[in-house]
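Student: Predicted model and sequence below, questions to follow.
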Amino acid sequence: MSFGIDGIVSGLDTTALINALVAAEGGTQRQLVAKRTSAESLITAWQSLNTKVATLTTKVGTLTGAALQPRTATSTSTAVTATAEAGATTGEISLVVTRLAQTQSSVTAAMTAWPTDPPVLTVRSADGTLTEITAATTSLDDVVRALGSADAGVRASKVATGTDPVTGQPTYRLQLTATASGAAGAFEVFAGTAAEVGAGTAPDLFAAPGAAHVRAAQDAAVTLWAGTAAEQEVTSATNTFADLLAGVDVTVGAVTSEPVTVAVGSDAEALETTAADLVESLAAIFAEIAARSRLSTTTAADGTTVVTGGLFAGDSAARDTAARLLGAATDPVDGRSPSEIGIEITRDGTVEFDAARFREALATDPARVDATLAAVAARVAAAGQAVSDPRDGTLSKRISGHQEQVKDIGTQIADWDRRLAAKRDTLQRQFTAMEVALSRLQAQQSYLTSQLAALAAQTSTR
């Protein structure tokens, strides 16, 4: 750092001189800084390309088997809906909805408090399991809490029902509802211990006067091939029937009197979108490589033409990436060109998608379209992995190499920072010493001048 010695004696702009000398010495450092900036720009470009390739690799890696067999499901009635997963069995099935699934809901007789102390009750589930429950007090709120905390398959709520005509106290009913739908969620509740239930001496809460079953537990049911010799009922604890057709879930929302047809077919639109997305992603990668490899021309101040190469110009890694992916996408599959299903190579070395040709091929031979698209996707995934694998990919290695180079250049720049700082300190000391020496000489000159003047004055008076 300069400490302001400019022109103390000499009148020189010492700071400017030191800056100029240091700047002249720092030419190599400036070249290193420019080299680092260029390398960092190249790293950013490689990382951008590598990210695109890695994203494509992940995407196409899933395009195998069922993923290349999208399905669509339709129903002839709003009472029935269907969803089909990729690879689901195609075809149709007719069914009549005869029942909807429902949960049991039952209410006790009206009461002001639990009639026995301690309040003990037992829940018997549909499979015969007995769960004995004891509430803290005869308060109906405590009974509700005890039922709620027990793993008995029921939940309870207290419902106000007026007042007792004799005592005038408010009365309530407990409404108990199964936590699971379907017949398997059915339950009974008895006033007494599990042992008393086993002995048959515990009274059934819902058999008491004023108690009732509001809604019975039942499974949903559909009848397949109704009215034929093959008629068959299928039940479900919920309103969704899984795998009536393999990979197809059917959900019923209302009872029907007429058969409802559920049809499952190939989703041509979804498959076309998949193919188009694959080609579009490839084209974006080729476009980035081309843009960063392109030469540009400018005119210098002296009128000469300057040709500048892009960041990837002449780079073997960029050419290798483009060649691998282009070959994976456009090389023949079982002796037939992917252009037959709309994946076409252009004269510019990129790819484009012909939707009309894809639809035509899909209508003519859907199995070949699936097989070709699967083969192309697998090859692109393998090529992308070879390029973008975090450890062994060619681009990943190239990025790591440049990052090491930038690190080394940074070390050299730091070394130059110290070297130039030392140079500046040396120059400052030298110029300071010069100013001090000049100051001493100036003092001597002043002394000698004054002595000569005094001597001359003495001589003139004699």
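Tutor: Yep, it's here.
Student: A301 should be in a strand, yeah?
Tutor: No - assessed with DSSP: H, G, I helix; E, B strand; the rest coil, A301 is coil; it does not lie in a strand.
Student: Give me the three-state assignment for D151.
Tutor: coil.
Student: With adjacent residues omitted, what lies nearest to it?
Tutor: T131 (7.0 Å; C-beta to C-beta, 6 or more residues apart in numbering). Where you see a C-beta, it was placed from the backbone N, CA and C, and this is true even at glycine.
Student: Just confirm that neighbour is within a helix.
Tutor: No - secondary structure of T131 (three-state DSSP): strand, not part of a helix.
Student: Where does pLDDT dip in the stretch 251-400 of the chain?
Tutor: For the stretch 251-400 of the chain, applying pLDDT under 70 flags the ranges 306-309.
Student: so where do the strands sit in it?
Tutor: 260-266, 296-299, 305-308, 343-345, 351-353 (DSSP state E, counting those that start in this stretch).
Student: Which one of the ones you listed lies nearest to D331?
Tutor: Closest to D331 of the strands of the stretch 251-400 of the chain is strand 343-345 (C-beta to C-beta; 9.8 Å).
Student: what's across from T171 in the sheet?
Tutor: Under the criterion DSSP bridges, T171 forms beta bridges with G162.
Student: What count of nearby residues applies to it?
Tutor: Neighbours of T171 under the rule other C-beta atoms under 10 Å: 19.
Student: quick one: contacts for it?
Tutor: A110, M111, T112, A160, T161, G162, T163, D164 (C-beta atoms under 8 Å, 6 or more residues apart in numbering).
Student: run the last query once more with 7 Å
Tutor: For T171, the contacting residues are A110, M111, T112, T161, G162, T163, D164, by C-beta atoms under 7 Å, 6 or more residues apart in numbering.
Student: Ok, L244 next?
Tutor: Counting by C-beta under 7 Å, 6+ apart, L244 makes contact with I93, V234, V250.
Student: would you list these in TSV and tack on neighbour count, distance to F312 and secondary structure?
Tutor: Listed next are the contacts of L244 as TSV, based on neighbours: other C-beta atoms under 10 Å; distance: C-beta to C-beta, whole Å; DSSP: H, G, I helix; E, B strand; the rest coil:
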residue	neighbour count	distance to F312	secondary structure
I93	19	56	strand
V234	14	61	strand
V250	26	54	strand
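Student: Tell me the one of those residues nearest A23?
Tutor: Of all those, V250 has the smallest distance to A23: 80.9 Å, by C-beta to C-beta.
Student: Would you agree that closest one is in contact with S77?
Tutor: No - applying C-beta atoms under 7 Å, one finds V250 not in contact with S77, separated by 11.3 Å.
Student: picking up where we left off before, whichever of the contacts of T171 end up buried, select them in ChimeraX.
Tutor: Here is the ChimeraX command that selects the buried residues among those (16 or more other C-beta atoms under 10 Å):
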select :110,111
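Student: where does R30 land on pLDDT?
Tutor: You'll see R30 listed with a pLDDT of 85.
Student: Distance check, it against W416.
Tutor: When distance is defined by C-beta to C-beta, to the nearest Å, R30 is 9 Å away from W416.
Student: ok, the two, which is more surrounded?
Tutor: Legend: neighbour count by other C-beta under 10 Å for R30 and W416, higher for W416 (18 against 12).
Student: Can you give me every residue that contacts the more buried one?
Tutor: By C-beta under 7 Å, 6+ apart, the neighbours of W416 are G26, T28, Q29, L32.
Student: how would you label it: helix, strand or coil?
Tutor: helix.
Student: do the same with T81
Tutor: strand.
Student: what bridges to it?
Tutor: Beta-bridge pairing of T81 under DSSP bridges involves T251.
Student: tally of neighbours for it?
Tutor: Residues lying near T81 (other C-beta under 10 Å) number 16.
Student: ok, now how distant is it from T235?
Tutor: 18 Å.
Student: same check, this time on F312
Tutor: From F312 to T235 the distance is 64 Å (C-beta to C-beta).
Student: one step back: I'd like the contacts of T171 written out as JSON lines, with pLDDT and distance to T305 added.
Tutor: Converted to JSON lines, the contacts of T171 look like this (pLDDT from 0 to 100; distance: C-beta to C-beta, whole Å):
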{"residue": "A110", "pLDDT": "95", "distance to T305": "101"}
{"residue": "M111", "pLDDT": "95", "distance to T305": "102"}
{"residue": "T112", "pLDDT": "94", "distance to T305": "103"}
{"residue": "T161", "pLDDT": "95", "distance to T305": "98"}
{"residue": "G162", "pLDDT": "94", "distance to T305": "101"}
{"residue": "T163", "pLDDT": "94", "distance to T305": "104"}
{"residue": "D164", "pLDDT": "89", "distance to T305": "107"}
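Student: can you redo the contacts of T171 as a markdown table with distance to I341?
Tutor: Converted to a markdown table, the contacts of T171 look like this (distance: C-beta to C-beta, whole Å):
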| residue | distance to I341 |
| --- | --- |
| A110 | 73 |
| M111 | 74 |
| T112 | 77 |
| T161 | 71 |
| G162 | 75 |
| T163 | 79 |
| D164 | 80 |
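Student: Go through the contacts of T171 and say which is closest to Q69.
Tutor: T161 (57.9 Å).
Student: ok, back up a step: how about the strands of the stretch 251-400 of the chain in JSON lines, adding distance to T432?
Tutor: As requested, the strands of the stretch 251-400 of the chain are exported to JSON lines (distance: least, C-beta to C-beta, whole Å):
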{"stretch": "strand 260-266", "distance to T432": "88"}
{"stretch": "strand 296-299", "distance to T432": "47"}
{"stretch": "strand 305-308", "distance to T432": "46"}
{"stretch": "strand 343-345", "distance to T432": "73"}
{"stretch": "strand 351-353", "distance to T432": "70"}
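Student: Just send the ones you listed back as a markdown table, with mean neighbour count and distance to A191 too.
Tutor: Output for the strands of the stretch 251-400 of the chain, formatted as a markdown table (neighbours: other C-beta atoms under 10 Å; distance: least, C-beta to C-beta, whole Å):
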| stretch | mean neighbour count | distance to A191 |
| --- | --- | --- |
| strand 260-266 | 18 | 45 |
| strand 296-299 | 9 | 92 |
| strand 305-308 | 9 | 93 |
| strand 343-345 | 20 | 74 |
| strand 351-353 | 19 | 73 |
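Student: Quick one: closest of those strands to V279.
Tutor: Smallest distance to V279 across the strands of the stretch 251-400 of the chain (C-beta to C-beta): 4.0 Å, for strand 351-353.
Student: what's that closest one packed up against?
Tutor: Applying 3 or more C-beta pairs under 7 Å, 6 or more residues apart in numbering; DSSP states H and E, we find strand 351-353 packed against helix 268-293, strand 343-345.
Student: Which one, of the ones you listed, ends up nearest to S48?
Tutor: helix 268-293 (7.0 Å).
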